[in-house]
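Novice: From the sequence below, what's the structure:
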Amino acid sequence: MTETLADVAGGRRKGIAYDHQITMGVDIDLQKLIDVKGLSFRMLGVQRAGRDVAKNYVGDLTLLEPQQSFGVGGNVLYHLVELYLQQKIANDRVTITAGFYPPNMSFGSFPLGCYALDNVTCSHPTAVSVSSHWRSWPYAELGAQVEYDPIKSVYTRVGLFQDTKKDGGIAGFTITTASLGIMIPMEIGWNPQWGRKKLPGHYKIGGYVDTSDNKDLYVSVTGEPIVTSHAPARIERQRGAAYIGGDQMLFRFGPGPRDGLILMGIATDATGSSLPFRHQYTAGLIAQHFIPGRDADYASIFFSNLQVNPNLTRTQELQQDLGIKLQNGVHAVETNIQVLEMNYSFKLYSGISIVPDLQIIFRPDAGDYYKNAVVTGFRILADL
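Specialist: Here you go, the predicted structure:
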């Protein structure tokens with residue numbers, strides 16, 4: 001997958017950036033290999049290279065990343081993402097997974113969000129993962145989870161993951177037992193089908209609890225603001241976040257599970273005083289296979305609004321009043337940031353698609369220093 005995007009107006013400066021991601025993996029059915037029913041193994045990694053349009057051109061921070069395949073991880077020859085065993089029991093109603101992998105691949109994942117190029121929705125809401133230990137692709141953590149499906153359309157999941165500083169390191173192979181705490185994600189999902197045409201829906205609610213220690217963004221150990229007390233930040237002993245969302249096909253254009261007009265929505269809330277975001281609200285509309293004979297083509301539009309943690313805003317307001325440098329090195333107080341994205345995916349050949357894309361980023365760096373940025377370009381996706 002390659003993504004070439006340019007800031008053509010607004011933001012910090014005009015410019016173009018290219019990046020790519022090559023995914024390499026292996027799935028082994030251990031039931032066939034060693035005759036253990038329901039047991040499988042997966043190892044998967046990525047090779048990433050390129051430049052970041054967000055940090056180089058749009059703003060000073062990477063609060064949101066227009067290039068999904070750059071995101072976190074940067075330039076690396078090979079980065080280990082997944083290394084785990086999975087066991088299915090009780091007629092596949094119970095699935096146990098254990099190993100080294102990103103929690104967000106199982107919890108808070110909204111796959112249709114990856115129709116967008118930006119990483120605000122792919123494949124999880126950014127506001128509940130950034131600067132947290134609920135790590136996202138390609139970073140991974142040691143952990144395990146159990147999924148129980150009481151009926152075909154309902155599932156429940158709970159996990160236990162290790163909090164670390166490294167999250168696998170640059171290449172993903174820094175797997176350590178030195179723990180900062182534990183992260184416990186939970187999720188309940190419902191996947192109904194409606195009406196005569198069996199219009200599919202996917203609904204979920206979940207969240208996580210993180211027991212690691214983290215610095216408060218506003219209050220010091222004295223109970224006064226950090227800026228005016230000149231004392232160290234108060235330590236938050238536990239934090240967490242919650243999300244609710246889903247997608248629903250409204251009209252069917254073809255027989256496939258995504259051949260239709262699909263509405264998607266996500267809402268999140270972060271309870272921690274140390275997390276950079278408080279809320280995220282995302283809405284999306286996807287139309288796939290609306291042109292007869294072109295079942296892989298789709299058009300999509302997404303809008304996301306991210307609200308900065310009020311603790312960070314209050315700290316920066318104090319710093320601004322005192323005439324001192326703002327936290328995070330920004331030029332204006334951070335409050336909120338929005339992104340509107342539109343694209344069309346056109347299948348060129350079997351397994352190869354091109355996706356022209358347009359993004360408007362309102363209030364880069366979540367402040368009013370830079371003008372709204374217009375970012376445009378394309379993605380080329382090859383599934384071999």
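
Novice: so what secondary structure elements neighbour the helix or strand encompassing Ala283?
Specialist: Assigned by DSSP states H and E, Ala283 belongs to strand 277-288. Using 3 or more Cβ pairs under 8 Å, 6 or more residues apart in numbering; DSSP states H and E, the elements in contact with strand 277-288 are strand 260-270, strand 298-308. Placement of C-beta: from N, CA and C, glycine included.

Novice: For Val72, give me the pLDDT.
Specialist: At Val72, the pLDDT value in this model is 61.

Novice: Just the element for Ser212, please.
Specialist: Counting by DSSP H and E, Ser212 is part of no helix or strand.

Novice: which residues touch the nearest residue to it once chain neighbours are set aside?
Specialist: Spatial nearest neighbour of Ser212, excluding adjacent residues (Cβ to Cβ, 6 or more residues apart in numbering): Gly181 at 3.4 Å. Going by Cβ atoms under 8 Å, 6 or more residues apart in numbering, Gly181 touches His133, Asp163, Asp210, Thr211, Ser212, Asp213.

Novice: Scan the chain for its longest helix.
Specialist: As assigned by DSSP state H, the longest helix anywhere in the chain is helix 310-322.

Novice: distance between the helix or strand containing Lys215 and the chain's centre?
Specialist: Assigning secondary structure by DSSP H and E places Lys215 in strand 214-220. Remark: strand 214-220 is offset 25 Å from the chain centroid, using Cα atoms, centre = their mean, to the nearest Å.

Novice: next one: stretch 303-311
Specialist: 15 Å.

Novice: List the buried residues in it.
Specialist: Phe303, Ser304, Asn305, Leu306, Gln307, Val308, Asn309, Asn311 (16 or more other Cβ atoms under 10 Å).

Novice: can you list those in a markdown table and add distance to His202 and pLDDT?
Specialist: Below are the buried residues of stretch 303-311 laid out as a markdown table (distance: Cβ to Cβ, whole Å; pLDDT from 0 to 100):
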| residue | distance to His202 | pLDDT |
| --- | --- | --- |
| Phe303 | 20 | 97 |
| Ser304 | 19 | 96 |
| Asn305 | 22 | 96 |
| Leu306 | 23 | 94 |
| Gln307 | 25 | 94 |
| Val308 | 29 | 94 |
| Asn309 | 29 | 93 |
| Asn311 | 33 | 94 |
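
Novice: which residues of this structure score low on pLDDT?
Specialist: Under the criterion pLDDT under 70, the flagged ranges of the chain are 71-74, 166-172.

Novice: What segments of it are helices?
Specialist: Using DSSP H, helices in the chain cover 30-34, 53, 226-229, 310-322.

Novice: What residues sit buried inside the last one?
Specialist: Burial within helix 310-322, assessed by neighbour count using 16+ other Cβ under 10 Å, is assigned to Asn311, Leu312, Thr313, Arg314, Thr315, Gln316, Glu317, Leu318, Gln319.

Novice: any idea how far Leu322 is from the nearest residue to Asp216 once chain neighbours are set aside?
Specialist: In space, and not counting its chain neighbours, Asp216 is closest to Arg234: 4.2 Å by Cβ to Cβ, 6+ apart. Separation of Arg234 from Leu322 (Cβ to Cβ, to the nearest Å): 20 Å.

Novice: Quick one: residues contacting Val128.
Specialist: Gly108, Trp134, Gly207, Tyr208, Ala241, Ala242, Tyr243, Thr268, Ala270, Leu275, Phe277, Gln280.
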